[in-house]
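Trainee: need a 3D model of the sequence below.
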Amino acid sequence: MTRPTPRVRKAVVPAAGLGTRFLPATKATPKEMLPLVDKPAIQYVVEEAVAAGLDDVLMVTGRGKRALEDHFDRNAELEAVLSGKGDTARLDLVRAATDLATVHYVRQGDPRGLGHAVLCAAPHVGDEPFAVLLGDDLIDPADPLLPFMTGLRDELGGSVIALLDVGAGHIHRYGCAAVEPGDREGVVRVTDLVEKPEPGRAPSSLAVIGRYVLDPAVFEVLAKTGPGRGGEIQLTDALRTMARDPRIGGPVHAVVFTGRRYDTGDRGEYLRATVRLACRREDIGPEFRAWLRHFATAELAG
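Mentor: This next block holds a predicted model:
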């Protein structure tokens, strides 16, 4: 009789990066707290985890990230002011972040790469499968990805990563996967991984994006993984070890994502994500879309 695999219950959100691409805005403000319309980027990520049934969230933070803890904590003074004014709409918005999930925190300390950040989560996660959501990658709420990934892990065991076809001209900026066909459309078996391959030497144009559902065996592999590309401990390198030897934590499968994903660590993508989200809003969307059409027409004419 096959032993059932534990269900995915916990999410890990690495959030220790310095956000240098957004300086000077991130000199004193964590990049994860930069707003997309009127909600910080990190809240969208936590909302995505909760929507997939993962309401136990561990944030791996670093120096200067206290604002993250404050955002998901209760602000009694602000709530009292809003309540006294009878401003229930804004009061509900403030409380929404606090009531969203059970959020825990651990400090990474030395910035030794994504693999090290994930390893910092080992005491909290324990011997369970878990999800990793990178704060720089925003998956459009209209194109849910994580529920399918957790379901695939429940069915097949092992680990599941997300891939996006970025084209041969851009793959050198990403972790890249070598794959073989799976049993269903949009799902492949990962046979190898390369972190930021040299131009012309990539095994495919499929890039690893910031959503992972990992077997806990990854912690033991990460503990033995030395610094790789950039002198950092790379999660890609640990997954490569697991993909090459399925005896270590089971196979590595991947979902080839075809929905909308924004790299909010890139200034252009951040602006595009803000515009798309604003256009969809019921409260500001109609007026904003009308202005945007007028603005675009005027810019093209000029």
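
Trainee: now for the residue nearest to residue 260 when sequence neighbours are not counted, how many residues are close by?
Mentor: Distances taken as CB to CB, 6 or more residues apart in numbering put residue 140 closest to residue 260, at 3.7 Å, once the chain neighbours are dropped. C-beta coordinates here come from the backbone N, C-alpha and C atoms, glycine included. Neighbours of residue 140 under the rule other CB atoms under 10 Å: 17.

Trainee: my guess is residue 140 contacts residue 262. True?
Mentor: Yes: contact criterion CB atoms under 8 Å: residue 140 and residue 262 qualify, at 7.3 Å.

Trainee: what do the two both touch?
Mentor: residue 276 (CB atoms under 8 Å, 6 or more residues apart in numbering).

Trainee: for residue 85, give its distance to residue 79.
Mentor: 11 Å (CB to CB, to the nearest Å).

Trainee: check residue 260 too.
Mentor: Distance from residue 260 to residue 79, by CB to CB: 34 Å.

Trainee: what do you get for residue 163?
Mentor: Computed as CB to CB, the residue 163 to residue 79 distance reads 42 Å.

Trainee: neighbour count: those two, which is higher?
Mentor: For residue 163 versus residue 79, the count of surrounding residues by other CB under 10 Å is larger for residue 163: 24 against 15.

Trainee: hey, what's that one bridged with?
Mentor: residue 208, residue 256 (DSSP bridges).

Trainee: I'd like the numbering to begin with 20 instead of 1 from here.
Mentor: With the count now opening at 20, the last piece we talked about shows up as residue 182.

Trainee: wait, isn't it in contact with residue 277?
Mentor: No: using CB under 8 Å, residue 182 makes no contact with residue 277, being 10.2 Å away.

Trainee: and for the two, which residues touch both?
Mentor: Common neighbours of residue 182 and residue 277 (CB under 8 Å, 6+ apart) do not exist.

Trainee: domains of this protein?
Mentor: Annotated domains of the chain cover 29-284, 285-321 [automatic domain parsing].

Trainee: rebuild these as a markdown table, extending it with mean pLDDT.
Mentor: Formatted as a markdown table, the domains of the chain follow (pLDDT from 0 to 100):
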| stretch | mean pLDDT |
| --- | --- |
| domain 29-284 | 91 |
| domain 285-321 | 91 |
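
Trainee: may I see the buried residues of the one helix or strand residue 295 maps to?
Mentor: According to DSSP states H and E, residue 295 maps onto helix 286-299. Neighbour counts over helix 286-299 (16 or more other CB atoms under 10 Å) mark 288-289, 292-293, 295-297 as buried.

Trainee: and if you look at stretch 40-54?
Mentor: In stretch 40-54, counting by 16+ other CB under 10 Å, buried: 41, 45, 49-53.

Trainee: can you give me the strands in the stretch 20-169 of the chain?
Mentor: 29-33, 54-55, 58-59, 75-80, 121-126, 149-152, 156-158 (DSSP state E, counting those that start in this stretch).

Trainee: and the first one, what other elements does it pack with?
Mentor: Under the contact definition 3 or more CB pairs under 8 Å, 6 or more residues apart in numbering; DSSP states H and E, strand 29-33 sits against helix 60-70, strand 75-80, helix 133-138, helix 141-144, strand 149-152.

Trainee: and the second one, by the same measure?
Mentor: The criterion is 3+ CB pairs under 8 Å, 6+ apart, and the helices and strands that strand 54-55 contacts are helix 286-299.

Trainee: distance to residue 306 for the strands of the stretch 20-169 of the chain - can I get that in TSV?
Mentor: TSV is the format used below for the strands of the stretch 20-169 of the chain (distance: least, CB to CB, whole Å):
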stretch	distance to residue 306
strand 29-33	33
strand 54-55	18
strand 58-59	19
strand 75-80	34
strand 121-126	34
strand 149-152	32
strand 156-158	24
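
Trainee: identify whichever of the ones you listed lies nearest to residue 261.
Mentor: strand 149-152 (13.9 Å; CB to CB).
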